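1. Sequence first, then the predicted structure:
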Amino acid sequence: MPAQPDRGPVDPAPSVDPAGLPLEAAGSAGAAGPAAAAGPAGSPGGDSRSRAFEALEREFEHIFTQFRRSAMANASQVSAGMLPGAYKVLTTISRIGSATLSELTEILLTDKGQMSRTIRELDERGLIDRSPDPCDGRSMRISLSEFGAHRLAVTRGEKEHELRDAMGRWTVGDIVRFTELLHALSRGLTPRDP
């Protein structure tokens, strides 16, 4: 038998049952098998499915909390006292190149008043430039200033490897599968079998 690649320390107790459910969520599914575990609420495996969803929701809550914490740290690193919402606007401007206030409002699903205040804050911090929109003289196009691009690059450079480090012991297959599952979830699709 060929040697298995080193995947680092192994948990003393597996966290999933053979059906792929977290043990705390699996309940009696192990005895009933994967078919019962997949049943809708009210069916023999409904309780196991509900517990699996509850476990998934807890993990998403944990990820969202980590994301908010990271966004707060990133915002503060770009400019002391900057709020995460302003950081999100700044990174959006960086990603799309330039935009009008109306375009940013639509992209980020916020109201114009809030966006206007955020743009004013970013402008006061020297992180953005404004120039007349060549297609509409009444609008201004908003882009990163040289200083804003520099501050964002410094912040991103220091955070760049966090995800790679966190998933450093994952196989490429695990990363690809995780990406496929997230893609299906975010678009309301049913994931295809691995």
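-> Noted; the coordinates are in hand.

2. Going by C-alpha atoms from here, please, whenever you check contacts or count neighbours.
-> OK.

3. and residue 103, that's in a strand?
-> No. Read with DSSP: H, G, I helix; E, B strand; the rest coil, residue 103 is helix and lies in no strand.

4. In terms of pLDDT, where does the residue nearest to the spatial centre of the chain sit?
-> Nearest residue to the geometric centre of the chain (Cα atoms, centre = their mean): residue 67, 6.9 Å. Looking at residue 67, its pLDDT stands at 87.

5. Tell me which residues of the helix or strand hosting it come out buried.
-> Per DSSP states H and E: residue 67 is located in helix 46-78. For helix 46-78, burial by neighbour count (16 or more other Cα atoms under 10 Å) applies to 46-52, 55, 71-78.

6. wait, which of those residues is closest to residue 101?
-> Residue 101 lies nearest to residue 75 out of these, by Cα to Cα, at 20.2 Å.

7. show me the contacts for that closest one.
-> 81, 82, 83, 84, 86, 87 (Cα atoms under 8 Å, 6 or more residues apart in numbering).

8. rerun at 10 Å
-> Residues counted as contacts of residue 75 (Cα atoms under 10 Å, 6 or more residues apart in numbering) are 69, 81, 82, 83, 84, 85, 86, 87, 88, 90, 152, 155.
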